[in-house]
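Trainee: Below is the sequence, then the predicted model.
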Amino acid sequence: MIIFIQSLHYQLWNIITNGPEIPTKIVNGQRVLKIKSEYNDHDYKLLQLNAKAKHVILCALSHSEFNRVSSVDSASEMLVHDYELFTMLENENISNMYARFNDIINALKGLGKVYTNHELVSNILRCLSKSWEPK
């Protein structure tokens, strides 16, 4: 995934891992946000790269996953949000569900976000459908 994203634009992975670079300026020694009328070409380029990073991640999501994360602001936030709200899809078998879960976990590891085994197991157990309750 890292190589695929970097092949689209090398800085995309940095934006995904570090969050977007919001256009700012220095006023009286303080960094403040620029208003849109102050944006220059470099500012628009950075904003475009963040939008592209979000687009790449959104295209990789199913419809239900998309609905859960489409309102977040950064690509990194999307993955964390997707992990936190992970659920087993209707008519999905355990192997496919676990593969989807691992994809999210591996992407988060690439971002430096590591969860304990206890947290991972708890999340898996929480997301199982009702048919798994007796087991």
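Mentor: Now that the structure is in, tell me what you want to look at.
Trainee: contacts, neighbours, all on C-alpha from now
Mentor: Fine.
Trainee: Report the buried residues of the helix or strand hosting Ser122.
Mentor: With the criterion set as DSSP states H and E, the secondary-structure element containing Ser122 is helix 117-127. Of all the residues in helix 117-127, those buried under the rule 16 or more other C-alpha atoms under 10 Å are 120, 123-124, 127.
Trainee: got it, and stretch 92-107?
Mentor: 97, 101, 104-105, 107.
Trainee: mind checking how far it is from the chain centre?
Mentor: 15 Å (C-alpha atoms, centre = their mean, to the nearest Å).
Trainee: cool, stretch 101-111 as well?
Mentor: Taking C-alpha atoms, centre = their mean, the mean C-alpha location of stretch 101-111 is offset from the chain mean by 10 Å.
Trainee: Can you name every helix or strand that the longest helix anywhere in the chain contacts?
Mentor: Of all the segments of type helix in the chain, defined by DSSP state H, the longest one is helix 41-59. When contacts are defined as 3 or more C-alpha pairs under 8 Å, 6 or more residues apart in numbering; DSSP states H and E, helix 41-59 packs onto helix 11-18, helix 75-84.
Trainee: Just the mean pLDDT for the first one, thanks.
Mentor: Mean pLDDT, computed over helix 11-18, is 84.
Trainee: The helix-or-strand element of the chain with minimal mean pLDDT - contacts with which helices or strands?
Mentor: For the chain, counting by mean pLDDT, DSSP states H and E, helix 63-69 ranks last in confidence among helices and strands (a mean of 72). Based on contacts counted as 3+ C-alpha pairs under 8 Å, 6+ apart, the elements that helix 63-69 packs against are helix 75-84.
Trainee: okay, now Thr116: neighbour count?
Mentor: For Thr116, the tally of surrounding residues (other C-alpha atoms under 10 Å) stands at 8.
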